[in-house]
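Participant: 3D model of this:
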Amino acid sequence: MDTTLPLPAVGLGTMGLDGDEGAAAVETALEVGYRHLDTAQVYENEATVGAGLAAAVEADIVVRDDVTVATKTWIDRLDPEDVRPSTAASLDRLGLDAVDLLYVHRPRGGYDPKDTLAAYDALVADGLVGHVGVSNFELDQLDEAIRLLDAPLAAHQTEYHPLFRRPALREHAVEHDYLLVAYSPLAGGRVSEVEAVRAVAEKHDTTPEAVSIAWLTDKAGVVTIPKASSERHLRANLAAADLDLDAEDRERIDGIDREEELFPE
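Facilitator: Below is the predicted model of the structure:
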């Protein structure tokens, strides 16, 4: 079995995308080049994401196997006996036989490191899940998960943006050969208000949002999943990974003396 998980620099975060408009946004994202879709049980939009993917496959925009679909088990379904049925329900909503990446959404609720992760390993062994990920973990929890899992840890999803930098988590990901998937890369729109980010954007004749995405994807082992629904923003976010920042730009953003965590524990 292939144990690696290649992900593009920019994927699509889907929290808040719903209904027919959300499905259309997913289909448009795939049409303009996205190949990583990220959802979660708690977003209550797995059916929307699945519908957008199905429409794109039906229209010959993409081949299913070329798209990485990720979802996350919410904390009320992390009891070992609940992991498999909740995953089956996610697959039914997504309209898929298997999901490429399944995360532990947060290490809370029914999460029991040994038994919950064993249930994830069983899903991989049975072909219902391609890769195991975790989300919102701290360093000691990451070490524990790596030790307990039979399957390699494929990804850690965590909040990461110019106003909430987690270099120790990124270094851990590089050291242990898994991806760091940065969510909320635009800090909920706040990056446009940050002087350092605005200055770098003006220097490159681009937007603060593009700078934030480029700052992330420039880092080894980091990919990101900004949310967008309009074709203009979808294309802009995808193109941002091609923006070349120099050492001065990176240092300027790394040195921002302000911290705002959008989704604290």
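
Participant: Just give the nearest non-adjacent residue to Leu30, would you?
Facilitator: Nearest non-adjacent residue to Leu30, counting by C-beta to C-beta, 6 or more residues apart in numbering: Ala56, 4.1 Å away. Where you see a C-beta, it was placed from the backbone N, CA and C, and this is true even at glycine.

Participant: repeat for Val134
Facilitator: Nearest to Val134 is Val104, by C-beta to C-beta, 6+ apart, at 4.7 Å.

Participant: Pretty sure that neighbour sits against Tyr120.
Facilitator: Yes: using C-beta atoms under 8 Å, Val104 is in contact with Tyr120, at 7.4 Å.

Participant: Please enumerate the shared neighbours of the two.
Facilitator: Here Val104 and Tyr120 have no joint contacts, going by C-beta atoms under 8 Å, 6 or more residues apart in numbering.

Participant: Endpoints of stretch 239-250, how far apart?
Facilitator: Stretch 239-250 has its terminal residues 18 Å apart, counting by C-alpha to C-alpha, to the nearest Å.

Participant: Just the local confidence number for the residue nearest to Leu30, please.
Facilitator: If you check Ala56, the pLDDT there is 98.

Participant: Show me where the stretch 51-200 of the chain has its strands.
Facilitator: Using DSSP state E, counting those that start in this stretch, the strands of the stretch 51-200 of the chain run over 68-73, 99-104, 129-135, 153-159, 179-183.

Participant: Figure out which of those is closest to Ile213.
Facilitator: strand 179-183 (9.1 Å; C-beta to C-beta).

Participant: That closest one: how far from the chain's middle?
Facilitator: 6 Å (C-alpha atoms, centre = their mean, to the nearest Å).

Participant: Over to stretch 23-31?
Facilitator: Mean C-alpha position of stretch 23-31 versus that of the full chain (C-alpha atoms, centre = their mean) differs by 17 Å.

Participant: Give me the buried positions along it.
Facilitator: Buried residues in stretch 23-31, defined by neighbour count with 16 or more other C-beta atoms under 10 Å: Ala23, Ala24, Ala25, Val26, Glu27, Thr28, Ala29, Leu30.

Participant: Buried deepest among the strands of the stretch 51-200 of the chain, which one?
Facilitator: Highest mean neighbour count among these (mean count of other C-beta atoms under 10 Å): strand 68-73, with a mean of 26.

Participant: still on that earlier bit, how about TSV for the strands of the stretch 51-200 of the chain, with distance to Pro226 and mean pLDDT added?
Facilitator: Below are the strands of the stretch 51-200 of the chain laid out as TSV (distance: least, C-beta to C-beta, whole Å; pLDDT from 0 to 100):
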stretch	distance to Pro226	mean pLDDT
strand 68-73	15	98
strand 99-104	18	98
strand 129-135	16	98
strand 153-159	13	98
strand 179-183	9	98
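
Participant: Out of the ones you listed, flag the one nearest Leu262.
Facilitator: Closest of those to Leu262 is strand 153-159, at 6.1 Å (criterion: C-beta to C-beta).

Participant: And the contacts of that closest one?
Facilitator: Outside strand 153-159, the residues that reach it (C-beta under 8 Å, 6+ apart) are 3, 5, 7, 38, 70, 72, 101, 103, 131-137, 142, 145-146, 166, 169, 172-173, 176, 178-184, 225, 261-263.

Participant: Leaving out the residues flanking it, which one is nearest to Leu243?
Facilitator: Nearest to Leu243 is Ala214, by C-beta to C-beta, 6+ apart, at 3.9 Å.

Participant: per-residue confidence averaged over the helix or strand harbouring that neighbour?
Facilitator: Per DSSP states H and E, Ala214 falls inside helix 208-217. Helix 208-217 shows a mean pLDDT of 98.

Participant: C-terminal to that helix, what's the next element?
Facilitator: Helix 208-217 is succeeded, C-terminally, by strand 222-224 (DSSP H and E).
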